[in-house]
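1. predicted structure and sequence below. I'll ask about it afterward.
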Amino acid sequence: MNERIRQLAEKAGLRFTQLMSNPMVPVVDGKEKDLEKFAELLVEAVLDQVKERAYYTGDRDWSDEVDRTWIQLEFGYGKLHDAKHGVEE
């Protein structure tokens, strides 16, 4: 799990448990959750809103092609992350 996502999860009060199949599984109300996927979906939804609002307001400081990939890297996924860590598609 990406450290940034883990920090945010812990700040939100999620606890982690050691399981044989996956040593760091977030547990919420006794049920395993795919927290990392949830976080990626949440980040993407926010980035989509930023892109849309930047388009409508004419904000030239936001570049979806450049800025999106850097934010994805911060949260441990996407093209830059994969390139940095040698992950092939």
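-> Thanks, I have it.
2. from now on I want contacts and neighbour counts done on CA atoms only, so please keep to that.
-> Fine.
3. this protein: strands as residue ranges?
-> Taking DSSP state E as the test, the strands found in the chain are 15-17, 25-28, 31-32.
4. least reliable of these by average pLDDT, please.
-> Mean pLDDT is lowest for strand 31-32 among those, at a mean of 58.
5. just the pLDDT at the residue of the chain most remote from its centre, thanks.
-> No residue in the chain sits farther from the centre than Gly58, which is 26.4 Å out by CA atoms, centre = their mean. The model reports Gly58 with a pLDDT of 90.
6. same question, the one 3 residues further on
-> Asp61 carries a pLDDT value of 88.
7. can you pull the contacts of Asn2?
-> Glu36, Phe75, Gly76 (CA atoms under 8 Å, 6 or more residues apart in numbering).
8. try 6 Å this time
-> Gly76 (CA atoms under 6 Å, 6 or more residues apart in numbering).
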